[in-house]
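Student: okay, here's the prediction I keep looking at, along with the sequence it came from:
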Amino acid sequence: MSEGSGGDQAERRRISLEVARQVVRTEAEALEKLEREFDEAAFGAALDVLLECSGRIVCTGMGKSGIIAKKLAGTLASTGSPAFFLHPAEAGHGDLGMIVDGDAVIALSHSGNTAEIVGLLPSMRRLDVRLIAFVGNMDSSLARESDVVLHVGIEEEACPLGLAPTASTTAALALGDALAMALLQERGFGPEDFAGFHPRGSLGRRLLRVATVMHTGAQLPCVPQAAPLRDAVAEMSAKGLGMTVICDPDQGVAGILTDGDLRRLMERETSLDLPVAECMTVDPARIGPDALATEALRLLEEGRITCLTVTDESARLVGVVHLHDLWRTQMI
């Protein structure tokens, strides 16, 4: 490569990096403008429409606005507000039947005059639906026909050509997230609700409760304090958790016996007729059933142990959680 071409390439890279920085600045400025000009009255009206909606929330948009609408539908659905995306072009060819009375529609169009969106307005008006618009042009067909208009106007796109939707889609994305999170707050949607909608995801696993993974009932290894050591060994073998809890009925946990304890006892040639109460580890680590499984994992790792007893508010045994149970939930 000649020195001249190398210099040209370096200059192109310098300009490209400056363009990249300018994109970030322009999009950040669009968000600052959105926050600065935040219309609380219009936003509150949009919240009221969605809270009063007896059906689903239908999100629609064309092109890049459609991508933002898809994301908004997904965020709403995962946070307690049934929602789906409707492609405006497909809607004009039969998919409009997906909208039913009682639904609410959120339509995204920066110009407010997108042909596919505007073409749906007469049909939407024949249905008993409320229409919320995200627009950059308040004097547009979509703005005039909507029940609530949220302005997402920008000074300029971040594209150096001034053509590709960039700052406008960033502003629409942020406003959609703001609407979904405000709606979540209004509905009192909490961590347990979120986990219920994300049973297979890492977010849901982080919110998993000990009660959902612990061993209970017939799976719970437990022997009374007066039982001989041989009964504890048999219980450990039968339940397959490498331990047993020592606990009398309707009393708190007295102790536990683990396979490690058992090995050490056998090294001393301990009699299997010895009462297990004389062999157990007293005051074992414990946790409540409503605690997060992540907290159980922390206690297991810090204590370098494999099992926790699970006790209720009265200190009565309700279960046992094993490190392997947490592995099975793919938390680790």
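Tutor: Thanks, I have the structure now.

Student: please make it C-alpha for all contacts and neighbour counts, starting now.
Tutor: Noted.

Student: and T212, how many neighbours?
Tutor: 13 (other Cα atoms under 10 Å).

Student: what about it, distance to E301?
Tutor: Noted for T212: a distance of 20 Å to E301, by Cα to Cα, to the nearest Å.

Student: right, and A83 touches S54 too?
Tutor: No: using Cα atoms under 8 Å, A83 is not in contact with S54, being 11.7 Å away.

Student: these two - which one has more neighbours?
Tutor: With neighbours defined as other Cα under 10 Å, A83 and S54 compare such that A83 has more, 23 against 13.

Student: who touches the more buried one in this structure?
Tutor: Taking Cα atoms under 8 Å, 6 or more residues apart in numbering, we find A83 in contact with R56, I57, V58, C59, A73, G74, L76, A77.

Student: can you tell me the element the fifth one falls in?
Tutor: So that's A73. helix 64-78 (DSSP states H and E).

Student: ok, then the element right after the least confident helix or strand in the chain by mean pLDDT?
Tutor: Of all helical and strand segments in the chain, the minimum by mean pLDDT, DSSP states H and E falls on helix 202-206, at a mean of 61. The element immediately downstream of helix 202-206 (helix or strand, assigned by DSSP H and E) is strand 222-223.

Student: chain center to that following strand: distance?
Tutor: Chain-centre distance of strand 222-223: 39 Å, with Cα atoms, centre = their mean, to the nearest Å.

Student: same thing with stretch 154-167?
Tutor: 31 Å.

Student: export stretch 158-175 as PDB, just CAs?
Tutor: Provided in PDB are the C-alpha atoms of stretch 158-175 (Å, rounded to 0.1, in the frame of the first residue of the first chain):
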ATOM      1  CA  ALA A 158     -28.200  11.700  13.500                       C
ATOM      2  CA  CYS A 159     -27.600  10.400  10.000                       C
ATOM      3  CA  PRO A 160     -25.000  12.600   8.200                       C
ATOM      4  CA  LEU A 161     -27.300  12.500   5.100                       C
ATOM      5  CA  GLY A 162     -30.200  13.600   7.200                       C
ATOM      6  CA  LEU A 163     -32.200  10.700   5.900                       C
ATOM      7  CA  ALA A 164     -32.000   7.400   7.900                       C
ATOM      8  CA  PRO A 165     -34.300   7.300  10.900                       C
ATOM      9  CA  THR A 166     -31.900   7.500  13.900                       C
ATOM     10  CA  ALA A 167     -32.600  10.200  16.400                       C
ATOM     11  CA  SER A 168     -36.300   9.900  15.700                       C
ATOM     12  CA  THR A 169     -36.400   6.200  16.400                       C
ATOM     13  CA  THR A 170     -34.300   6.700  19.500                       C
ATOM     14  CA  ALA A 171     -36.800   9.200  20.900                       C
ATOM     15  CA  ALA A 172     -39.700   7.000  20.000                       C
ATOM     16  CA  LEU A 173     -38.000   4.000  21.700                       C
ATOM     17  CA  ALA A 174     -37.400   6.000  24.900                       C
ATOM     18  CA  LEU A 175     -41.000   7.300  25.000                       C
END
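
Student: now that stretch: average pLDDT?
Tutor: Average pLDDT, stretch 158-175: 94.

Student: quick one: contacts of that stretch?
Tutor: Outside stretch 158-175, the residues touching it (Cα under 8 Å, 6+ apart) are 19, 22-24, 26-27, 30-31, 34, 64-65, 68, 72, 108, 110, 134, 136, 152-154, 156-157.

Student: take those residues and keep only those in helices.
Tutor: Of these, the ones assigned to helices by DSSP state H are 19, 22-24, 26-27, 30-31, 34, 64-65, 68, 72.

Student: and the pLDDT for A218?
Tutor: On the pLDDT scale, A218 is placed at 89.

Student: how close does it sit to A226?
Tutor: 20 Å.

Student: more neighbours: these two, which one.
Tutor: Higher neighbour count among A218 and A226: A226, with 14 against 8, using other Cα under 10 Å.

Student: ok, now which ones touch the more buried one?
Tutor: With Cα under 8 Å, 6+ apart, A226 has these contacts: P275, V276, A277.

Student: tell me how far it lies from I246.
Tutor: 9 Å.

Student: what do the two both touch?
Tutor: By the contact definition Cα under 8 Å, 6+ apart, A226 and I246 are jointly contacted by V276, A277.

Student: who wins on neighbours among the contacts of A226?
Tutor: V276 (24 neighbours).
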